[in-house]
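>>> Curious how this folds, go ahead:
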Amino acid sequence: MTQVTASHTAVLHRDTRFIPRKAIGGKGSYLHLEDGTKFLDSTGGAAVSCLGHGHEEVCKAVADQVHKVAYCHTAFFGTEVTEELAQFLVDSTNGKMSKVFVVSSGSEAVEAALKLARQYFLELETPQPQRTRFIARLPSYHGTTLGALSAGGHVQRRQPFEPILTQNTSHVSPCNAYRGKKENESDADYVARLATELDEEFQRVGPETVCAFIAEPVVGAALGAVPAVPGYFQAMKAVCERHGALFIMDEVMSGMGRCGTLHAWEQEGVVPDLQTIGKGLGGGYAPVSALLIGEKIVQAIDRGTGAFRHGQTYQGHPISCAAALAVQKIIKRDNLLENVRAMGAYLEERLRDTLGGHPFVGDIRGKGLFWGIEFVKDKSTKEAFPTSASLAFHIQETGLEKEYSLSLYAASGTVDGIRGDHVLLAPPYNVTNEEIDIIVAKTAQVIDRVFSKVVSV
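Numbering: from 1, shown residues only. The predicted model follows:
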């Protein structure tokens, strides 16, 4: 990025002191920058660009929809493309989810999930208005709007806004085997301990007051592609069912094929009551996300008021739906989920071979084409680098340098929401072996470069 003053741009960039280099084009796994750089987008932005850039079929589908109908308000009209996308998504769950609510961002999808969970209990034949609370996990991230941020448990992201966040969400431990599992503890014992913790939290706040438990099947930005151990989500859903609460899976980052199945819950042996999806839904070709809704919730609303008390100007936007439908049809037609699984296994192998022995790489974890690398100062104690080192930031910024031209999605707070550093890799579903070799080689070069400076300081 170029250092400038804010007066040189009318855009409020993420950092007011820097203007990012401009992207002027893109094809496949690469973005083309104004200075001539060919930039390898190994993270798909924020795990978004599942088909890469410049996919001609998707671009044509979007253009065709613009010429049909670009916008109409869903209070007045529906569109064919919205109906087709919703049916495609319902069918993709084998009917386990029965309705779809399409919006524009992951945060909006989570907001809708929280509100619908609350309304469900008001619509029951015997209403339960006392259910006003949610239970989530530390240090989860469910979105940036106030309701979604309130549900999340990421300390750094919440801190400036704590005084205006709702106080109706409490948090339990994540399922993070690297940091949470005790020495010689089996997966089954670890799951049992976490299930007990969740049950005790229900009891502490009053089980009759909880609307839902919300969790990511593979934790993305907050922890760095951390999957749960086998049996975890089955145990968590059982606790929810015991107390009559709903089970929400936030698959905004990890879903829609990113982890090797279209829906991440397919690998967990559970079906959520509500499911949010986003990034891989439209692959970045238009802003789109959605809430998938279980039949019992649909039936409760239908037998009650018949209306979800929530609506947005751009819900079910035809252009967004056209982009999402095209992306999903291509993933299915080209059998890209098989490529996600195959290339994901190759990416894991190459990461472990190249970085597994690195003195400052504590853990390599993930699923499909969603992988995280956690950095530690001491591998034996898992001690994190001090926050003053800004390690994750430096790794990301170094990757952006022209010498490397590689995206590494970095975040801090891996240990407790404040301390700890990791980077994410999330290449497109049609990535090749050759591109993965380049991604791993460049990632290793960036890491070596940064640690040569950190250790020498």
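
>>> what about the strands in the stretch 251-400 of the chain?
Using DSSP state E, counting those that start in this stretch, the strands of the stretch 251-400 of the chain run over 274-277, 289-293, 361-367, 370-375.

>>> mind checking which of these is nearest G45?
Proximity to G45 (Cβ to Cβ) singles out strand 370-375 among these, at 13.4 Å. Any C-beta I mention is one placed from the backbone N, CA and C, and that applies to glycine too.

>>> Need the residues that contact the closest one.
Here strand 370-375 makes contact (Cβ atoms under 8 Å, 6 or more residues apart in numbering) with 47, 178, 218, 220, 223-226, 253-254, 258-259, 344, 347-348, 351, 355, 360-366, 384-385, 391-392, 395, 414, 420-426, 443, 447.

>>> the inter-axis angle of that strand versus strand 361-367?
170 degrees (axes from the mean of the first three to the mean of the last three Cα atoms, to 10 degrees).

>>> mind giving me the domain split of the chain?
23-46+335-455, 57-334 (the TED database).

>>> Include mean neighbour count when you put those domains into TSV, please.
Below are those laid out as TSV (neighbours: other Cβ atoms under 10 Å):
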stretch	mean neighbour count
domain 23-46+335-455	19
domain 57-334	20
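
>>> Take those and lay them out in TSV including distance to A10.
Shown next, in TSV, are the domains of the chain (distance: least, Cβ to Cβ, whole Å):
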stretch	distance to A10
domain 23-46+335-455	18
domain 57-334	21
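
>>> To R17, which of those lies closest?
Closest to R17 of the domains of the chain is domain 23-46+335-455 (Cβ to Cβ; 13.0 Å).

>>> my guess is E434 is in a strand, correct?
No: counting by DSSP: H, G, I helix; E, B strand; the rest coil, E434 is not part of a strand but helix.

>>> Distance of it relative to T43?
18 Å (Cβ to Cβ, to the nearest Å).

>>> and the residue nearest the centre of the chain, what does it touch?
Taking Cα atoms, centre = their mean, the centroid of the chain lies closest to M253, which sits 2.0 Å from it. Contacts for M253 (Cβ under 8 Å, 6+ apart) come out as A46, A47, G106, E216, V218, G220, A221, G278, K279, F370.

>>> list the contacts for the residue nearest to it when sequence neighbours are not counted?
Leaving out its chain neighbours, the residue that sits closest to M253 by Cβ to Cβ, 6 or more residues apart in numbering is G220, at 3.6 Å. With contact set as Cβ under 8 Å, 6+ apart, G220 has these partners: A47, Y141, M253, S254, F370, L424.

>>> Same question for A46.
A221, M253, K279, Y409, A426.

>>> other SSEs contacting the host helix or strand of H32?
Element membership for H32 (DSSP states H and E) is strand 30-33. Contacts defined by 3 or more Cβ pairs under 8 Å, 6 or more residues apart in numbering; DSSP states H and E place strand 30-33 against strand 23-27, strand 38-40.

>>> Indicate which one of those strands is closest to A286.
Of those, the one closest to A286 (Cβ to Cβ) turns out to be strand 23-27, at 15.1 Å.

>>> Check what contacts the closest one and list those residues.
L31, H32, L33, E34, F39, D41, G52, H53, G54.

>>> isn't the last one right next to G28, touching?
What it means is G54. Yes: G54 is within contact range of G28, at 7.2 Å (criterion: Cβ atoms under 8 Å).

>>> picking that back up, nearest to A148, out of the helices and strands packed on strand 30-33?
Nearest to A148, of the helices and strands packed on strand 30-33 and by Cβ to Cβ, is strand 23-27 at 27.5 Å.

>>> average pLDDT for the closest one?
Mean pLDDT, strand 23-27: 97.

>>> Next: stretch 292-304.
Within the predicted structure, the mean pLDDT of stretch 292-304 is 98.

>>> contacting residues around that stretch?
By Cβ under 8 Å, 6+ apart, stretch 292-304 touches 89-90, 93, 96-101, 116, 119-120, 122-125, 246, 271-277, 307-308.

>>> taking these one by one, which sit in helices?
L89, V90, L116, Q119, Y120, L122, E123 (DSSP state H).

>>> hmm, which two among those are most spread apart?
Farthest pair in these (Cβ to Cβ) is L89 and L122. Separation: 26.0 Å.

>>> surely F451 meets F360?
Yes: F451 sits in contact with F360 when judged by Cβ under 8 Å, with a separation of 5.5 Å.

>>> circling back to that earlier point, out of the strands of the stretch 251-400 of the chain, nearest to L400?
strand 370-375 (17.0 Å).

>>> ok, that closest one: who's next to it in the sheet?
Partners of strand 370-375 in the sheet, by DSSP bridges, are strand 361-367 (antiparallel), strand 421-425 (antiparallel).

>>> For the stretch 1-150 of the chain, which segments count as helices?
44-47, 56-68, 80-92, 106-123, 146-151 (DSSP state H, counting those that start in this stretch).

>>> would you turn those helices into a markdown table with distance to H263?
Output for those, formatted as a markdown table (distance: least, Cβ to Cβ, whole Å):
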| stretch | distance to H263 |
| --- | --- |
| helix 44-47 | 15 |
| helix 56-68 | 21 |
| helix 80-92 | 7 |
| helix 106-123 | 14 |
| helix 146-151 | 20 |
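
>>> any chance of these in JSON lines, with mean pLDDT and distance to E200 too?
Compiled in JSON lines, those are given as follows (pLDDT from 0 to 100; distance: least, Cβ to Cβ, whole Å):
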{"stretch": "helix 44-47", "mean pLDDT": "98", "distance to E200": "33"}
{"stretch": "helix 56-68", "mean pLDDT": "98", "distance to E200": "47"}
{"stretch": "helix 80-92", "mean pLDDT": "98", "distance to E200": "36"}
{"stretch": "helix 106-123", "mean pLDDT": "98", "distance to E200": "21"}
{"stretch": "helix 146-151", "mean pLDDT": "95", "distance to E200": "20"}
